[in-house]
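Undergrad: need a structure here:
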Amino acid sequence: MRDETRPTRTSERQLPEGVELRAPRPEDAEAWARFLVAEQQRTYAGQLPDDFGSRGLDQANVAGLAHAFGEPGEAVRRVAWRGGRIVGIAAAGPAPARWERELGLVPPPADRELDRLYVAAEMHGTGLGAALFDAVVDERPHYLWLIDGNARAARFYERRGFEHLDERVSTGPTWGGIPMHRMLRR
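TA: Numbers count the residues shown, from 1 in each chain. Purely as a prediction, here's the structure:
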């Protein structure tokens with residue numbers, strides 16, 4: 001039996017039929033941003049401000065994403081495409097993020113952060129989330145931010161060795177101040 005607290009490399013995991021998993025390219029930035037905001041709206045429906053869609057797209061910074069996709073540095077990102085559309089995204093990189101430094105949320109609990117992992121609802125239960133996770137998270141300690149009440153995501157990360165940290169922080173105005181906390185895998 002495989003130890004679920006350690007990642008399985010994506011090459012060992014079967015992807016759902018018709019899914020291509022690859023590093024995002026600069027020309028993927030707008031589609032990535034639109035997918036991200038749409039999935040955030042779906043995942044947190046009823047909790048987000050009415051203007052989250054437009055504010056979220058502005059915050060996604062398509063030009064900045066395109067630049068980051070072209071020059072990834074130490075960040076690892078993957079995008080899953082199926083039938084000409086994005087069905088999943090994941091990103092991990094050095095920590096802390098600029099916003100964490102600006103808010104004084106330092107030092108981070110680990111030097112790497114799982115920054116994003118979203119899967120289209122129709123792909124839940126197919127193994128795509130696990131494949132995306134395995135593609136961006138290595139054996140080093142990582143942390144992530146989880147919106148309070150996202151039980152599905154909490155279970156997913158707990159199965160991969162993450163533990164909830166005893167803290168609560170309010171999201172920014174774009175997110176309407178929803179409480180969140182970090183999870184850590186040592």
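Undergrad: tally up the residues packed near the closest residue to residue 39 other than its chain neighbours, please.
TA: If the residues on either side of it in the chain are set aside, residue 39 comes closest to residue 118, at 4.1 Å by C-beta to C-beta, 6 or more residues apart in numbering. For the C-beta atoms, the positions are set from N, CA and C on the backbone; glycine is no exception. As a burial measure, residue 118 scores 23 neighbours (other C-beta atoms under 10 Å).
Undergrad: give the buried residues for the one helix or strand residue 118 maps to.
TA: Using DSSP states H and E, residue 118 maps to strand 112-119. By neighbour count on 16 or more other C-beta atoms under 10 Å, the buried set for strand 112-119 is 112-119.
Undergrad: quick one: list the elements packing against that strand.
TA: Judged by 3 or more C-beta pairs under 8 Å, 6 or more residues apart in numbering; DSSP states H and E, strand 112-119 is in contact with helix 29-43, strand 85-94, helix 128-136, strand 142-147.
Undergrad: report the distance from it to the chain centre.
TA: Here the centre of strand 112-119 is set off from its chain's centre by 2 Å, with C-alpha atoms, centre = their mean, to the nearest Å.
Undergrad: how many residues are close by residue 23?
TA: When neighbours are counted by other C-beta under 10 Å, residue 23 registers 13.
Undergrad: for it, give its distance to residue 109.
TA: For residue 23, the distance to residue 109 (C-beta to C-beta, to the nearest Å) stands at 27 Å.
Undergrad: try residue 172
TA: The gap separating residue 172 from residue 109 is 20 Å, by C-beta to C-beta.
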